[in-house]
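Student: Following is a predicted model, sequence given first.
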Amino acid sequence: MDDTITGNPNRDLSKWLMNQRLEIEKVMHARLGAAAPAASGPEAETLRRFRTFASTALMRGEAPRPVLDGLRPNERRVMALLTCWTESATELAGPEREIVATALAPLLDAFRLAIRTTGTKRNSSGRPRATPPSISAAIARVADHCRARGAAAARTAAGRARYVQHDVTQEADWQGAVAAAVKEFGRIDILVNNAGITIPRVAIEDRTVEEWDLVQAVNLKGVFLGTKH
């Protein structure tokens, strides 16, 4: 079986899905109600991996076969969740809903096939290696985990604490975070300005401009904005 899934690139949609991730999940959770998966459960992890897979496929026009090793997902429950997520994204897209639905449908089918065939391929020898999709999924999992832990820590911390989520690549988010801190505490004495990301190594000819720009935006622009404000 070919381990690469190809399709039509849509970089604008890929960026939109990443930027609207929290809003999409709000709509999804409202639809699911009590049936929404736990953040640490296998269904939620599978959703994170689908987001990574879909974003990569739309950004680059191709993506490695989804990595589901170790999850043992229940196809019926997972596909109901992914379908709800897709429908939520389509709903948020408004007049562009048809474009979103058309772009996500084949990716959903490819992911369903990956779920059905997970466990049929195994490496017979050699050291296990982390693949780029599994690394990206791990980054998304850590981000979700830290967001939940940050909010919980602020609620239970001794003394005064406040959790503010912001995108370090966006100047408006820095301005909002600084304003929130000053409003709450009067001033800022110390700033740990060290947000950074890494991405899997590839040959330079295979590196996309979007991937390069993302690293520079977080690791350089983010530090610049934090220092500025």
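Tutor: Noted; the coordinates are in hand. Bear in mind that the values here come from a model prediction, so they are computed numbers and not experimental data.

Student: after the worst-scoring helix or strand of the chain on mean pLDDT comes which helix or strand?
Tutor: Lowest by mean pLDDT, DSSP states H and E among the helices and strands of the chain is helix 132-156, with a mean of 55. The first helix or strand that comes after helix 132-156 along the chain, using DSSP states H and E, is helix 171-185.

Student: For that next one, name the packing helices and strands.
Tutor: On a contact count with 3 or more CB pairs under 8 Å, 6 or more residues apart in numbering; DSSP states H and E, helix 171-185 meets helix 222-228. Placement of C-beta: from N, CA and C, glycine included.

Student: So what touches the helix it packs on?
Tutor: Contacts to helix 222-228, defined as CB atoms under 8 Å, 6 or more residues apart in numbering, come from residues 168-171, 174, 191, 193-196.

Student: Please repeat the previous calculation with a cut-off of 7 Å.
Tutor: Helix 222-228 is contacted from outside by 168-169, 171, 174, 191, 193, 195, using CB atoms under 7 Å, 6 or more residues apart in numbering.

Student: cool, stretch 103-122 as well?
Tutor: Around stretch 103-122, the neighbours that count as contacts under CB under 7 Å, 6+ apart are 5, 7, 10, 13, 50, 53-54, 57-58, 65-66, 68-69, 73, 75, 78-79, 82, 86, 89.

Student: Please indicate which of the contacts of helix 222-228 are buried?
Tutor: When those are checked for burial by 16 or more other CB atoms under 10 Å, the buried set is 168-169, 174.

Student: so where's this protein shaky on pLDDT?
Tutor: For the chain, the stretches with pLDDT under 70 are 1-7, 40, 69-71, 73, 118-159.

Student: What segments of it are helices?
Tutor: Per DSSP state H, the chain carries helices over the ranges 11-19, 21-32, 42-60, 75-92, 97-117, 132-156, 171-185, 209-216, 222-228.

Student: now these in TSV, with distance to residue 164?
Tutor: Shown next, in TSV, are these (distance: least, CB to CB, whole Å):
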stretch	distance to residue 164
helix 11-19	18
helix 21-32	14
helix 42-60	23
helix 75-92	24
helix 97-117	30
helix 132-156	9
helix 171-185	5
helix 209-216	22
helix 222-228	13
